[in-house]
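A.B. asks: next comes the sequence, and after it the predicted model I'd like to discuss.
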Amino acid sequence: MPARSTDRKPRLSVERIVDVAMDQLRERGYDAVTMRSIAAELGTGQASLYAHVANRNELDALVMGRISAMLVVPEPDPEHWDQQIADLAIQMLANFRNHPGTARCTMGNMPTSREALVPVEGLFAILRAGGVGDQDASWFGDALALYVASVAWEEDIWKSRARAVNVDEESAWDHIPDVFGSLDPQEFPVLTSMGEAMMSGGAEERFAFGVNLLISGLKSRM
């Protein structure tokens with residue numbers, strides 16, 4: 001009796017498709033990832049992929065669900081709700097950084113899956129516990145998600161540009177001080193006086209400033 005083959009491919013599934021998509025996002029960037037590229041890596045045809053994932057929009061939603069499920073949302077603390085929101089924003093950014101390219105998948109996408117909606121439920125529960133009205137909470141949630149994803153997406157773009165010219169990400173900024181230093185003070189009196197301030201602060205400090213600005217604005221409406 002002939003021996004059974006042990007070289008069978010792992011069964012195709014939504015989970016495997018998302019795994020490959022996230023690996024390719026990390027290695028190639030958002031624009032290089034397609035249903036065709038995923039099918040090729042899985043050793044199957046696109047038709048087989050479409051039996052599990054309808055199109056690229058659905059794939060983006062699945063990636064968003066996977067990233068959202070990584071968030072650990074604490075139980076609402078009315079006394080420290082603002083810090084809880086700030087901590088969640090930091091956690092969101094960290095997840096995007098750990099999985100480059102995924103931030104772009106959330107842009108133009110509304111959370112509709114259970115995986116994506118569970119942390120949204122938790123975030124709104126924290127805001128409600130802090131006394132934030134439902135309308136303000138709803139729009140704040142949109143603004144916060146957009147801010148965090150935009151920061152992560154811009155970081156992905158900078159990394160991609162740095163790789164394209166074979167330099168590290170920090171070196172890609174080296175020419176910026178020279179731009180401000182070469183400005184004519186007569187034509188740009190404000191910019192030349194603000195050059196040092198505009199270049200100060202690291203990525204974490206700038207991100208925290210933006211988050212605190214959003215939270216402070218929300219508090220001012222309460």
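C.D. replies: Happy to help now that I have it.

A.B. asks: against His175, how distant is Ile67?
C.D. replies: In this view, Ile67 and His175 are 33 Å apart by C-beta to C-beta, to the nearest Å. C-beta coordinates here come from the backbone N, C-alpha and C atoms, glycine included.

A.B. asks: quick one, which of these two is more surrounded?
C.D. replies: Neighbours were counted for Ile67 and for His175 using other C-beta atoms under 10 Å; Ile67 has more, 23 against 8.

A.B. asks: wait, the more buried one touches Arg97, no?
C.D. replies: No. When contacts are counted by C-beta atoms under 8 Å, Ile67 is not listed as touching Arg97 (11.2 Å).

A.B. asks: now the terminal residues of stretch 75-84, how far apart.
C.D. replies: 9 Å (C-alpha to C-alpha, to the nearest Å).

A.B. asks: distance between it and the chain's centre?
C.D. replies: How far stretch 75-84 lies from its chain's middle: 23 Å, per C-alpha atoms, centre = their mean, to the nearest Å.

A.B. asks: which parts of that stretch are buried?
C.D. replies: 76, 81-82, 84 (16 or more other C-beta atoms under 10 Å).

A.B. asks: of all those residues, which comes closest to Arg28?
C.D. replies: Within the buried residues of stretch 75-84, the smallest distance to Arg28 is 35.4 Å, found for Gln84 (C-beta to C-beta).

A.B. asks: now that closest one: closest residue in space that isn't a chain neighbour?
C.D. replies: Excluding the flanking residues, the one nearest Gln84 by C-beta to C-beta, 6 or more residues apart in numbering is Ile126, at 5.1 Å.

A.B. asks: for that neighbour, give me the pLDDT.
C.D. replies: Here the pLDDT value assigned to Ile126 is 98.

A.B. asks: counting contacts, what elements does the helix or strand where it lies pack onto?
C.D. replies: Here Ile126, judged by DSSP states H and E, is contained in helix 114-129. Where contact means 3 or more C-beta pairs under 8 Å, 6 or more residues apart in numbering; DSSP states H and E, helix 114-129 is packed against helix 56-69, helix 81-98, helix 134-164.

A.B. asks: residues in contact with that helix: which ones?
C.D. replies: Contacting residues not belonging to helix 114-129 are listed as 61, 64-66, 68-69, 71, 73-74, 76-78, 81, 84-85, 88, 111, 134, 137-138, 140-141, 144 [C-beta atoms under 8 Å, 6 or more residues apart in numbering].

A.B. asks: noted, bye for now.
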